[in-house]
Structure formats: C-alpha cells, structure tokens
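*Asks:* okay, here's the prediction I keep looking at, along with the sequence it came from:
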Amino acid sequence: MVSDQPGPTAPTRQPGPTAPDDGAALEIDDVTVAYAPASAGDEPTLAVSGVTLDVAGGEVLALVGASGSGKSSLLRAVAGLEPLASGSIRIDGADLRGQPVHRRGVGMVFQDGQLFEHLSVEGNVVYGLRSLPRDRRPDRAQQRARIAELLELVGLAGMARRPVTTLSGGQAQRIALARALAPAPRVLLLDEPLSALDRALRERLAVDLAAILRAAGTTAVHVTHDLDEAATIADRTAVLDGGRLLQVGTPADLWRAPATREVADLLGYGPILPADRLGLGAGLVALAPGALVALVPGEDTPPDVVAHLPATPVARRHVRGRWWLDVVLEKGERASALLPEGGDAPDLVAVGVVGSGVVRVGE
Ligand code: ADP
Ligand code: MG
C-alpha cells in the first residue's frame, strides 16, 4: 500500500474534526478590498475599507451587515479569492500574502452548498480531502473512518451512500459543512449557509451549527444578516456597514451599547431618538421592542415609565396574545406601544417610555 503517512516535513499534529482547540488565530489587519470600476474614469468600489478584526483560535465570529456591506468580499479576501488593496491577513501569525487559495488551509461553505450532484454524500465529503497536500491525504481506511466521523458530527450518520440529489436543503448544507471540515481547515468561512432555508429550519440548524463548530474546534467566521442567528452561532458579532466595521462584541455588548444608529437599527431597536426628547441630556437613545406603553387616558401611568412622548394613534394590531398600538411620534417617527390587557386607546395623546427599554447609542 502506498504510504499516506505524514512525511518528515508535515506537521506532527493532525487536527481532527472532533478535537477542540485546534483552531488557528486569524488576524485581519486594516484590510481594504477594492473592485475595479465598471468603466474607465469611474471610481473603484471600496467593498471593504480598513477593517481590523482578530479572531482567536477556536473562536466563532459572526459577520453581520446589510446586503452590499462587504461581508462576502472580506471572506473572499481571507480565502485568497480577492486581492487586498491594502492591509494584511495572518493565520497563526503567518502572513497570507501571495499564498494561493489551496495553500491557506481555509474552508468555505456557501449559501447554496454547491454539492456535486453526480456524487454520493461520501463522494462529496471525500472531495473535500483533495485540498490536502498529497502527503497528508488519508488512505482508504482512514478516509472511511473520517467520513463516518464527519457524518456523525453533522448529524447524518449512515447516509454515506445517499445520492446528494435526494437530500433536503438542510441536509445538503450539513454535507457541505462536512466536506468543508474534511481537510480540518485552519479557518472555516461560512457565507450565509442558512439563508436559503425557511425560517423554522434555519433556527433549528443554527443551534446544531453552533454545536458542530464547537465540537470541531475550528476557528470560524459565519456571515449572516440575522443578528439572532449570529448570537446563536457565534461568540462575538462584528457589524459591517458600507465596508466599514461599526462594532464588534458579544451579543450582550451590542444590545447593551450599540455603537451607532446603524447597529441599533440592525438589532431591531426603534425608534432611535435624541435623548433630550426623553429628558435624558445629549446624544441618541434607542428604544427596545416593548419599551413603549400606551398611556390610556383616565388610567394610572405604570410605575416603570420614566418619560412621556406625545403620540397619535394610527392602528391597533394583535401579536401573539397582546394588543399593540401603532403610533406616530412628534417628529413623524413610527412606533408601537403595548396596550394594557384588553385595552384600546383611540383618544390616546402620549405613550410612556419604560426605563429598562432605553439604551444609549454610541457610548
Ligand atoms: P455582502 O456580501 O455584504 O452583500 P459584497 O461583499 O458582496 O457584500 O459587496 C460589497 C460591495 O462590493 C457591493 O457594493 C457590491 O456591489 C460590490 N461588489 C461585490 N462583488 C463585486 C465584483 N465582483 N465587482 C464589482 N463590485 C463588486
Ligand atoms: Mg454576500
């Protein structure tokens, strides 16, 4: 049998998909990615502008932002699929400049798993091993063990022989993940791998993905436009807007102190108001969902209300057992206020702000 044992120059440590703490540190240092203008004379598109991010070994970082904010461009730059206009990217301290895609030890999973339809589940996962240098490729027996281990990891044990055309959307993404993990990448990049799935499945798979990434111990960057998904899957979330990094932190950091109006918007805070409208001095405040309560004329103001805002009722809506009043605030901002049990308030003139629902923006 041809030896597939590591040669003398190969690393002695063979990271396995179920061995935690194998992840490599990823350093993204002042990175800019620019696309050439469509026609001569136009400005180049700055898809990513001076982004600096450190991802610790084994950490899962979520990259969140609206469509066009530069998420895919940043991932592609890490993978070596886009050149850097400036800045540098290092994995475990080694600069990736000039390193071709297949030498970076970076795995990718896309929105559409891009499985090979003519191959079985097993064939697709084995394909993932082809990115390994020849002297690190496992032999047949090792391959079988590795496939079994990976399928177990992604929750599809025993499905090795299935044609991938018979898989559901969620199963296909699990196989795409197994294929990307097969060569034990130093860094795994996931570009909206759950976005094509329906909401219920997406939420369930997010929980599984979080567990799989922890079990694999791989350093990972997970792109999504859903902050709840980001919080479920990642240790920290980085928010991009127009190619710039607005904030990076744990979900609690972001919710407690959104750095900018854009971050607060993305989190689902609203409305965002000058603090002096609430008698809270300078700067901006963001109101959490449920921060406003309808002040029904003739009824007592709830004790946790810290400020009043003039408001005009627009419509009454029912959401999961509670009634909400849609209102327009003084400067035309739209907002929703919780109505008291069974209440209605067509003659309402103000809404109350509950203290616990107010956060400062940008402090
Ligand atoms: P996201 O993944 O957050 O939706 P992208 O990284 O795909 O954002 O895009 C960031 C910006 O770069 C957008 O303005 C987009 O139009 C532009 N862009 C992306 N890819 C290319 C390309 N190949 N050529 C020119 N412009 C591009
Ligand atoms: Mg994208």
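*Replies:* Perfect, I can see it now. Ligands and ions are numbered 1, 2, ... in the order given.
*Asks:* helices or strands up against the longest strand anywhere in the chain?
*Replies:* Longest strand of the chain, by residue count under DSSP state E: strand 305-319. When contacts are defined as 3 or more CB pairs under 8 Å, 6 or more residues apart in numbering; DSSP states H and E, strand 305-319 packs onto strand 322-329, strand 334-338, strand 350-354. All C-beta spots, glycine's among them, are computed from the backbone N, C-alpha and C.
*Asks:* can you list the strands that the longest one pairs with?
*Replies:* Spelled out, it's strand 322-329. Sheet pairing of strand 322-329 (DSSP bridges) gives strand 305-319 (antiparallel), strand 334-338 (antiparallel).
*Asks:* from L245, how far out is D265?
*Replies:* 16 Å (CB to CB, to the nearest Å).
*Asks:* wait, I meant D228
*Replies:* Distance from D228 to L245, by CB to CB: 20 Å.
*Asks:* higher neighbour count, these two?
*Replies:* L245 (22 against 13; other CB atoms under 10 Å).
*Asks:* tally up the residues packed near the residue lying closest to G170 once chain neighbours are set aside, please.
*Replies:* Counting by CB to CB, 6 or more residues apart in numbering, L201 is the residue found nearest to G170 once chain neighbours are left out, at 5.1 Å. L201 has 15 neighbouring residues, counting by other CB under 10 Å.
*Asks:* which one of the helices and strands packed on strand 305-319 has the most crowded surroundings?
*Replies:* Burial of the helices and strands packed on strand 305-319 is given as mean neighbour count (mean count of other CB atoms under 10 Å); strand 350-354 ranks first at a mean of 22.
*Asks:* ok now that one, how far from the chain's centre?
*Replies:* 33 Å (CA atoms, centre = their mean, to the nearest Å).
*Asks:* strand partners of that strand, parallel vs antiparallel please.
*Replies:* strand 292-294 (antiparallel), strand 305-319 (antiparallel).
*Asks:* of all those, which gets the most neighbours per residue?
*Replies:* strand 292-294 comes out most buried of the strands paired with strand 350-354 by mean count of other CB under 10 Å, with a mean of 24.
*Asks:* who touches it?
*Replies:* With contacts defined as CB atoms under 8 Å, 6 or more residues apart in numbering, strand 292-294 is touched by 302, 305, 309, 325, 327, 335-340, 343, 345, 348, 351-354, 357.
*Asks:* now do the helices in the stretch 1-150 of the chain.
*Replies:* 71-79, 121-129, 140-153 (DSSP state H, counting those that start in this stretch).
*Asks:* could you dump those helices to TSV with mean pLDDT?
*Replies:* What follows is these, written out as TSV (pLDDT from 0 to 100):
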stretch	mean pLDDT
helix 71-79	98
helix 121-129	94
helix 140-153	94
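*Asks:* which one of those helices lies closest to ligand 1?
*Replies:* helix 71-79 (3.2 Å; CB to the nearest ligand atom).
*Asks:* mind listing what's buried along stretch 188-195?
*Replies:* 188-194 (16 or more other CB atoms under 10 Å).
*Asks:* quick one: that stretch to chain centroid distance?
*Replies:* 8 Å.
*Asks:* just the CA coordinates for it, please, in CSV.
*Replies:* Output of stretch 188-195 as CSV, limited to C-alpha atoms (Å, rounded to 0.1, in the frame of the first residue of the first chain):
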residue,chain,number,x,y,z
LEU,A,188,-13.7,27.9,8.2
LEU,A,189,-15.6,30.6,6.4
LEU,A,190,-19.4,30.3,6.1
ASP,A,191,-21.1,32.7,3.7
GLU,A,192,-24.8,32.8,4.7
PRO,A,193,-25.0,29.0,4.8
LEU,A,194,-28.5,29.1,6.3
SER,A,195,-30.0,31.9,4.3
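*Asks:* so is it next to ligand 1?
*Replies:* No. On the criterion CB under 6 Å from any ligand atom, stretch 188-195 is out of touch with ligand 1, staying 7.3 Å away.
*Asks:* and the contacts of that stretch?
*Replies:* 71-72, 75, 78-79, 106-111, 113, 173, 176-177, 180-181, 202, 205-206, 209, 213, 216, 218-225, 229.
*Asks:* for stretch 42-53, same thing?
*Replies:* 26-37, 61, 70, 73-74, 77, 85-87, 238, 240, 242-245, 248.
*Asks:* please tell me how far the residue of the chain positioned farthest from its centre sits from ligand 1.
*Replies:* Residue farthest from the centre of the chain, counting by CA atoms, centre = their mean, is G298 at 46.3 Å. Using CB to the nearest ligand atom, to the nearest Å, G298 is found at 50 Å from ligand 1.
*Asks:* phi and psi next, for that residue.
*Replies:* Dihedral angles phi and psi of G298 (degrees, to the nearest 10) take the values phi 90, psi -10.
*Asks:* what comes up buried for stretch 252-265?
*Replies:* Quick answer for stretch 252-265 (16+ other CB under 10 Å): 254-255, 257-260, 262-265.
*Asks:* touching ligand 1 at all, that stretch?
*Replies:* No. Stretch 252-265 does not reach ligand 1 (CB under 6 Å from any ligand atom); its nearest approach is 13.5 Å.
*Asks:* hey, C-alpha coordinates of that stretch in PDB?
*Replies:* Listed next in PDB are the C-alpha coordinates belonging to stretch 252-265 (Å, rounded to 0.1, in the frame of the first residue of the first chain):
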ATOM      1  CA  ALA A 252     -24.900  41.300  25.100                       C
ATOM      2  CA  ASP A 253     -22.300  44.100  24.400                       C
ATOM      3  CA  LEU A 254     -24.200  45.000  21.200                       C
ATOM      4  CA  TRP A 255     -27.600  45.100  22.800                       C
ATOM      5  CA  ARG A 256     -26.300  47.000  25.900                       C
ATOM      6  CA  ALA A 257     -24.500  49.600  24.000                       C
ATOM      7  CA  PRO A 258     -25.000  49.800  20.200                       C
ATOM      8  CA  ALA A 259     -22.100  51.900  18.900                       C
ATOM      9  CA  THR A 260     -24.100  53.700  16.200                       C
ATOM     10  CA  ARG A 261     -27.600  54.300  14.900                       C
ATOM     11  CA  GLU A 262     -27.000  51.700  12.200                       C
ATOM     12  CA  VAL A 263     -26.100  49.000  14.700                       C
ATOM     13  CA  ALA A 264     -29.200  49.900  16.800                       C
ATOM     14  CA  ASP A 265     -31.300  49.700  13.600                       C
END
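*Asks:* perfect, that will be all.
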